[in-house]
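Trainee: Need a 3D model of the sequence below.
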Amino acid sequence: MPDTLTTPDAGTTEATTAPLELSLQGALNLALDEILAENPKALVLGEDVGTLGGVFRVTSGLAAKHGSERVFDTPLAESGILGMSIGLAMAGFHPIPEVQFDGFAYPAVNQIVCQLARMNYRSRGTLPMPVTLRVPSFGGIRAPEHHGESLEALFAHVPGLKVVSPSDPQQGYSLLRAAARMADPVIFMEPKSRYWQKGQVTPEGGAPSSKLSGARIARPGRHLTLVAWGAMVARCLQVAELAAEDGIDVEVLDLRWLKPIDGDALAASVGKTRRAVVVHEAPRTSGLGAEVAQVITERCFGTLKAPVERVTGFDVPYPSGDLEDEYIPNIDRILFGIQRVLEYKRG
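Mentor: So this is what the prediction gives:
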């Protein structure tokens, strides 16, 4: 199965519904509500997603509205949740399972890698896997061990999976709707530290699907490109505002789709600014930032004014809550990364 994005054309008619002020949690809830209403084969399942509405209340009210046969709780067994979802997909359903926290996904890795990602390939296309796996991801909420991880590189390395991470309420709503239209398995990584961030959300009314099929420019700039995803996009936007006070015009590229990576958007942005800094929460070694940096180097080598810089987490297990501020890239560390790139001189 090729690792390319294919979303059905959603038309080009402009939305007529007025924007709503929603948190990321509320935007995801709205998207799931609409998906369930439109697709009778869509199902939501996971630990506490029914009666409780999920740990982060993303599925709140959905079981009462759509019925316990379509929004239901599962046993506390992630391998069982994914195994059940794979069987449902083989039977013609579109499961939307939730793994309660990213660190809880490890027990389901066998199902994800050996079955979910390969079934379409193994069956020569006769058994598509339209499974949208929601994974509350990354840190920033001072949670205990296994409640804050950055698994994007692990998922992105697996052929057959698509990986996406929204950065704000509008992106959460639109990207989840897009993922739920796909016949391929999608790992939907929700930045849990941004669940309560509010913003305007325009309900779907015909935005062309091409607007959701790659990266987006979150802030235009001329001097340097910051590449980020998930919660780090908001932090990079803060950095860009501070850098502007010193006359540095920073472009922020929200990668959104972590697999497949939008090489054209990277090349267009960095080809213009000629400098790049990649920011992510995951450990540095073999993190997704290395792949992003290599794509930039391959596409922009002749025009780069400095090597691509990475500002990342450290090569240690994700720390306890009281050390998160030291682990997650902060404003100062990103600003120092920008400074190193701007001051780089060959030879």
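Trainee: now the helices for the stretch 201-347 of the chain?
Mentor: Secondary structure of the stretch 201-347 of the chain by DSSP state H, counting those that start in this stretch: the helices cover 231-244, 263-273, 288-300, 324-327, 331-342.
Trainee: Low-confidence stretches in the protein?
Mentor: Scanning the chain for pLDDT under 70 picks out the ranges 1-16, 205-211, 347.
Trainee: redo that, cut-off 90
Mentor: 1-18, 101-103, 140-149, 204-213, 318-325, 346-347 (pLDDT under 90).
Trainee: in it, which spans are strands?
Mentor: Under the criterion DSSP state E, strands of the chain are mapped to 20-23, 42-46, 71-73, 94-98, 132-137, 162-164, 186-191, 198-201, 216-219, 224-228, 250-254, 257-259, 276-283, 309-313.
Trainee: Can you tell me which of those is most buried?
Mentor: strand 224-228 (a mean of 29; mean count of other C-beta atoms under 10 Å). For every residue, glycine as well, the C-beta is placed using N, CA and C.
Trainee: Just checking: what are the partner strands of that strand?
Mentor: When sheet partners are counted by DSSP bridges, strand 224-228 sits next to strand 250-254 (parallel), strand 276-283 (parallel).
Trainee: okay, the angle between that strand and strand 309-313?
Mentor: Comparing the axes of strand 224-228 and strand 309-313 via axes from the mean of the first three to the mean of the last three C-alpha atoms, to 10 degrees yields an angle of 30 degrees.
Trainee: can you list contacts of strand 224-228?
Mentor: Under the criterion C-beta atoms under 8 Å, 6 or more residues apart in numbering, residues 167, 235-236, 239-240, 248-255, 266, 269-270, 272-273, 275-280, 289, 292, 296, 334, 338, 341-342 lie in contact with strand 224-228.
Trainee: Centre of the chain to that strand, how far?
Mentor: 16 Å (C-alpha atoms, centre = their mean, to the nearest Å).
Trainee: Determine the angle, from 0 to 180 degrees, between that strand and helix 231-244.
Mentor: Between strand 224-228 and helix 231-244, the angle comes out at 160 degrees (the same axes, to 10 degrees).
Trainee: Could you export strand 224-228 as CSV, CA atoms only?
Mentor: C-alpha atoms of strand 224-228 as CSV (Å, rounded to 0.1, in the frame of the first residue of the first chain):
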residue,chain,number,x,y,z
LEU,A,224,14.0,31.1,8.9
THR,A,225,11.5,28.3,9.0
LEU,A,226,10.5,26.6,12.3
VAL,A,227,9.0,23.1,11.6
ALA,A,228,6.8,21.6,14.3
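Trainee: what's the angle from it to helix 331-342?
Mentor: With the same axes, to 10 degrees applied, the angle from strand 224-228 to helix 331-342 works out at 140 degrees.
Trainee: so who does the residue nearest to the spatial centre of the chain touch?
Mentor: Here the mean C-alpha position of the chain is nearest to the C-alpha of S165 (C-alpha atoms, centre = their mean), at a distance of 0.8 Å. Applying C-beta under 8 Å, 6+ apart, we find S165 in contact with S137, E152, F188, M189, E190, P191, W229, G230, L255, R256, L258.
Trainee: Is it possible to get TSV of those that adds distance to E69?
Mentor: As requested, the contacts of S165 are exported to TSV (distance: C-beta to C-beta, whole Å):
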residue	distance to E69
S137	28
E152	33
F188	23
M189	28
E190	25
P191	31
W229	35
G230	33
L255	37
R256	33
L258	33
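Trainee: now, which of those residues sits nearest S213?
Mentor: R256 (9.1 Å; C-beta to C-beta).
Trainee: so what's the closest one closest to, chain neighbours aside?
Mentor: A215 (5.6 Å; C-beta to C-beta, 6 or more residues apart in numbering).
Trainee: Check G140 too.
Mentor: G140's closest residue in space is S193 (C-beta to C-beta, 6+ apart), at 2.8 Å.
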